[in-house]
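[1] Build me a model from this:
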Amino acid sequence: MWQYVGRKSEAHSANRWRLWQRGYWEHTIRDDRDYEAHVDYVHFNPVRHGLVQMPADWRFSSFHRWVAKGLYPPGWMGSDDEPTEAAERD
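    This next block holds a predicted model:
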């Protein structure tokens, strides 16, 4: 995965080895629904950014473990109530 991050970052030399983007901050999970929304956000992010067609296509994702536990269907593609930017500050 780090090789992938490094390759993607080469186009942005000033940010070459920065893993986190500026403008992100800590968020305390408020309840079960908030937790679910953030997990959905993380699983759908590779799709949102055009890296894969489906969450299951991202080989680095914890999505595969969640499917194995029966918490997501294999073809899950997000939901209408997922946060648009769960980890970004306004």
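
[2] The longest helix along the chain: which residues count as buried?
    Assignment by DSSP state H gives helix 32-48 as the longest helix of the chain. Of the residues in helix 32-48, Ala37, His38, Val39, Asp40, Tyr41, His43, Phe44, Asn45, Pro46, Val47 count as buried by neighbour count, 16 or more other Cβ atoms under 10 Å. Heads up, the C-betas are built off the backbone N, CA and C, glycines and all.

[3] any idea which of the residues you listed is closest to Trp58?
    Pro46 (4.0 Å; Cβ to Cβ).

[4] Skipping its backbone neighbours, what lies nearest that closest one in space?
    Taking Cβ to Cβ, 6 or more residues apart in numbering, and ignoring the residues beside it in sequence, Pro46 has Trp58 as its nearest neighbour in space, at 4.0 Å.

[5] Could you report the neighbour count for the one you found?
    In terms of burial, Trp58 registers 18 neighbours under the definition other Cβ atoms under 10 Å.

[6] in stretch 59-66, what's buried?
    The neighbour-count criterion (16+ other Cβ under 10 Å) identifies Ser61, Phe63, His64 as the buried residues of stretch 59-66.

[7] Quick one: end-to-end distance for that stretch.
    End-to-end distance of stretch 59-66 (Cα to Cα, to the nearest Å): 13 Å.

[8] Residues contacting that stretch, please?
    The contact list for stretch 59-66 (Cβ atoms under 8 Å, 6 or more residues apart in numbering) reads Met1, Val39, Val42, His43, Pro46, Pro55, Ala56, Tyr72, Trp76.
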